[in-house]
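Peer 1: Fold the following.
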Amino acid sequence: MTIFFRLLETDDKGTALHEAIQQLAQQQPNPNTFTVEPKSFQQVPGATFAYWVSERIRKSFKDLESLEGKIRKAKQGLATADDFRFIRTVWEYNLSQTEIPRFVPFAKGGSFSRFYADIYLSVNWQDSGGEIAAFPKAYIRNSDWYFRPGLTWSLRSQKGLSVRLMPNNCAFGHKGPSIFVLDNNLQQLLALLAIANSAAFHLLIELQMAFGSYEVGVIQRTPVPDLTPESTTILAKFARRAWSLKRSLDTVTQTSHAFVLPALLQVKGSSLTDCSLNSRAQTWANHIAEVEAELTQIQAEIDELTFELYGIGDSDRIAVSSQPIANDSGEETDDDDESLEAIADPLSLTKEMLAYVLGVAIGRFDVRLVTGDRELPAEPEPFDPLPVCSPGMLVDETGLPPTEVRSLPADYVRWQSLGEARIDIPFNGIFVDDEGHPNDIIRHVREVLKVIWGDADSDIEQEACAILKVSSLRDYFRKPALFFNDHLSRYSKSRRQAPIYLPLSTASGSYTLWLYYHRLTDQTIYTCINDYVEPKLSRVSETVKFLRSKTSRSRDEENDLETLQTLEDDLTKFRDELLRVAKLPWKPNLNDGVQITVAPLHSLFRLSKWQKKLKETWDKLEKGDYDWAHLAHSIWTARVREKCRTDKSLAIAHSLETLYEPPPETPKRTKREKKE
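Peer 2: A predicted model of the protein is given here:
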């Protein structure tokens, strides 16, 4: 027998050890002293020194069936070896895919979240991943298990193991391993989801680990209790409800497959007549508190039932709470995304609401969900395939975003002609920060505010500005460190930066064109020049010429002349830079991703960190690091085609397999030649 002293919960370990030894000598009980036969540790995979739990717990690894068995499997997925090339966020590629999509949802770990987390990444799976398969160092593992309903988790996390549901039609990665049931029994998967997120299961996981890397083998070897039909039903019900609650909070996230409406438009004020933003923010905070309280109760009931199913007594339950999370691995974790905790402060919620308003104005989101002209969508089944467009998006009869006025839903066209309350969508995807212009961004934002808030629109605008601490909406949208910085953060996940509202500005920032990423074409820049910049430059030049011609000018006219001369110079340089990019030639292909697509325009962005990121991307494009991109092929065609002769993956990327020349086969040596 060996004596162990547990001193993890105290800083003064010397004193604690001295007291424990004295109590042992005097045969006095001490909760931190354990006597165990070392042979008992061999029952735990890896024979870890699990001295603080009972013999019954250690025996469970032999007495109970492991998770990996006849009906359950845990699998590791693909490793692309170049995520920037093969992975996209779900909002940045071309949504109008063919019947066999180029990109499919991809489970790749992510932040700590139990029961539910949106799968916001996609992977290039054209021709069953042929481009990835031909890429050196990439591994496609267990592809026959892709696109099945399952459970997934983050390989590494500082907060512990978090297992969540994985819908149908998803691929999964080596950082997002997955669990399956052989017959795709959804009830059993939900019950297993509850067990995998229970305190008892986590205890058995932690007994096997020295650090926080939840490898597939550890999960496979962890015991699962025998379930009766009744316990399966109860656990599945708990898991389904927890999934539903977590998903309901995600319906306010604009980048999520679950998005419906922003929080401030999902709830009402404290009274029927109170529509203030601050009041609605408080209502939303109260709702979050109620949801989290119910989730806590569900977790407690899952823990209680699973403790009973495992046969874990009170003393071992104490060990669960006293055992620290094994997170000191020194390795990079997968908690690389923003927190998944629901936000409830008025500032963040107001920013989300204004981002939604801009999305409605550009034709991304469906305002009928606010006005009541369209019913709120029903909750899907947990394992249903993820939609191409979230329920909150505006789509035509094909289920895809409309591309012109006549493709709008029939009852949506009326918003084009409602007098003061109208939503005049610019289908060229261009707004301009130019007061008085028909496509002025603030004019369009105010039109949507009018449709949503009616006669209270001015009050809402003033309250929003007060919460944002800006003098006006124009101030908020014009300054790069405000709206665009918020938007960039909101649309950056898993180390991918993919904003979809793109402000191109003059050097002084006095004139800005806003481009909507999903409507970029090879004609967009020419439209910017011919329909916006040139007419503006012409008007400014005429005014400058007129003021210069005056023999005597007032002080105000002198100031106007100086301002307009600066603007004239800015607009001229702005136009010339747009022309330079257009002549590269610039042929945007959304499947390249946002960074690649807009990299040639890097000098026209005023937010320094985004400009720097795009400049780095452009430098690598010029150098040939991203020759897999369609943009690289359109600009440096000869260079890319030459590389395709020796790089099969690159040839597949550009549909130039006929150029690829396989290396000559090396003749096999005989045994005698090898020996010599």
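Peer 1: Using CSV, write out every CA atom in stretch 504-519.
Peer 2: Extracted in CSV, the C-alpha atoms of stretch 504-519 (Å, rounded to 0.1, in the frame of the first residue of the first chain):
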residue,chain,number,x,y,z
LEU,A,504,-12.8,52.5,-49.7
SER,A,505,-11.8,56.0,-48.8
THR,A,506,-9.7,59.0,-50.0
ALA,A,507,-6.5,59.7,-48.0
SER,A,508,-8.3,62.2,-45.8
GLY,A,509,-11.3,60.0,-45.3
SER,A,510,-13.6,62.8,-46.5
TYR,A,511,-15.1,60.6,-49.3
THR,A,512,-15.9,56.9,-48.9
LEU,A,513,-17.5,54.3,-51.1
TRP,A,514,-19.0,51.3,-49.2
LEU,A,515,-18.8,48.0,-51.3
TYR,A,516,-20.9,45.0,-50.4
TYR,A,517,-18.6,41.9,-50.8
HIS,A,518,-21.3,39.6,-52.1
ARG,A,519,-22.0,41.9,-55.1
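Peer 1: Which positions within it qualify as buried?
Peer 2: 504-506, 511-519 (16 or more other C-beta atoms under 10 Å). (C-beta placed from N, C-alpha, C; glycine too.)
Peer 1: what do you get for stretch 559-569?
Peer 2: Neighbour-count burial for stretch 559-569, counted by 16+ other C-beta under 10 Å, picks out 561, 564, 567-568.
Peer 1: And stretch 75-92, by the same measure?
Peer 2: 75-80, 83-92.
Peer 1: between those residues, which is closest to Asn30?
Peer 2: Distance to Asn30, by C-beta to C-beta, is smallest for Gln76 among the buried residues of stretch 75-92, at 42.9 Å.
Peer 1: So for the longest helix anywhere in the chain, what gets flagged as buried?
Peer 2: The longest helix of the chain (DSSP state H) is helix 277-310. For helix 277-310, a neighbour-count test (16+ other C-beta under 10 Å) marks 277-285, 287-288, 291, 295, 298-299, 302-303, 305-307, 309-310 as buried.
Peer 1: did I read that right, Ile442 in a strand?
Peer 2: No. Under DSSP: H, G, I helix; E, B strand; the rest coil, Ile442 sits outside any strand and is assigned helix.
Peer 1: what's the closest non-adjacent residue to it?
Peer 2: What sits nearest to Ile442 in space, not counting adjacent residues and going by C-beta to C-beta, 6 or more residues apart in numbering, is Arg474, at 5.0 Å.
Peer 1: In what element of secondary structure is the one you found found?
Peer 2: Element membership for Arg474, per DSSP states H and E: helix 473-478.
Peer 1: quick check: mean pLDDT across that helix?
Peer 2: Helix 473-478 shows a mean pLDDT of 96.
Peer 1: do stretch 96-113 as well
Peer 2: Mean predicted confidence for stretch 96-113 is 82.
Peer 1: repeat for stretch 633-643
Peer 2: If you average the pLDDT over stretch 633-643, you get 96.
Peer 1: Which residues does it contact?
Peer 2: Outside stretch 633-643, the residues that touch it by C-beta atoms under 8 Å, 6 or more residues apart in numbering are 584-587, 621, 624, 627, 632, 650, 654, 656, 659.
Peer 1: Tell me which of those residues fall in helices.
Peer 2: Using DSSP H, 621, 632, 650 are the members of the contacts of stretch 633-643 that sit in helices.
Peer 1: Now render the residues you listed as CSV, adding distance to Asp396 and neighbour count.
Peer 2: Listed next are the ones in helices among the contacts of stretch 633-643 as CSV, based on distance: C-beta to C-beta, whole Å; neighbours: other C-beta atoms under 10 Å:
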residue, distance to Asp396, neighbour count
Leu621, 34, 21
Ala632, 33, 24
Leu650, 36, 23
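Peer 1: Which of the residues you listed sits closest to Arg221?
Peer 2: Leu650 (41.0 Å).
Peer 1: Any stretches of the stretch 251-400 of the chain with poor pLDDT?
Peer 2: 269-273, 319-341 (pLDDT under 70).
Peer 1: mind running it again at 50?
Peer 2: Counting by pLDDT under 50, the stretch 251-400 of the chain shows low-confidence ranges at 324-332, 335, 337-338.
Peer 1: What ranges does it have for its helices?
Peer 2: Listed in chain order, the helices of the stretch 251-400 of the chain (DSSP state H, counting those that start in this stretch) span 263-266, 277-310, 314-322, 346-362, 368-371.
Peer 1: which one of these lies closest to Glu534?
Peer 2: Taking C-beta to C-beta, helix 346-362 is the member of the helices of the stretch 251-400 of the chain nearest to Glu534, at 23.0 Å.
Peer 1: quick one: the closest one to chain centroid distance?
Peer 2: 18 Å (C-alpha atoms, centre = their mean, to the nearest Å).
Peer 1: What are the buried residues along stretch 1-8?
Peer 2: 5-6.
Peer 1: averaged over its residues, what pLDDT does it have?
Peer 2: Rounded mean pLDDT across stretch 1-8 is 80.
Peer 1: end-to-end on that stretch?
Peer 2: Start-to-end span of stretch 1-8 (C-alpha to C-alpha, to the nearest Å) is 22 Å.
Peer 1: so how far is Thr563 from the residue of the chain most remote from its centre?
Peer 2: Here the chain reaches farthest from its C-alpha mean at Thr551, the gap being 60.8 Å by C-alpha atoms, centre = their mean. According to C-beta to C-beta, to the nearest Å, Thr551 and Thr563 sit 21 Å apart.
Peer 1: cool, and Arg474?
Peer 2: For Arg474, the distance to Thr563 equals 17 Å [C-beta to C-beta].
Peer 1: Next: Ile205.
Peer 2: 66 Å.
Peer 1: next one: Arg478
Peer 2: Note on Arg478: its distance to Thr563, by C-beta to C-beta, is 16 Å.
Peer 1: same thing with Val123?
Peer 2: Val123 is 51 Å from Thr563, by C-beta to C-beta.
Peer 1: returning to what we had before: which one of the buried residues of stretch 75-92 is nearest to Thr350?
Peer 2: Nearest member of the buried residues of stretch 75-92 to Thr350, counting by C-beta to C-beta, is Trp91, at 21.8 Å.
Peer 1: In this structure the closest one contacts Tyr491, no?
Peer 2: Yes. Trp91 is within contact range of Tyr491, at 6.9 Å (criterion: C-beta atoms under 8 Å).
Peer 1: Quick check, Asp396 in contact with Pro409.
Peer 2: Yes. Counting by C-beta under 8 Å, Pro409 is a contact partner of Asp396 at 6.7 Å.
Peer 1: Would you map the strands across the stretch 351-500 of the chain?
Peer 2: Remark: strands assigned in the stretch 351-500 of the chain by DSSP state E, counting those that start in this stretch are 430-433, 492-493, 496-497.
Peer 1: actually the stretch 101-250 of the chain, sorry about that
Peer 2: So, for the stretch 101-250 of the chain - with DSSP E, counting those that start in this stretch - the strands run 103-107, 121-124, 150-153, 163-166, 171-172, 178-181.
Peer 1: I am finished for the moment; much appreciated.
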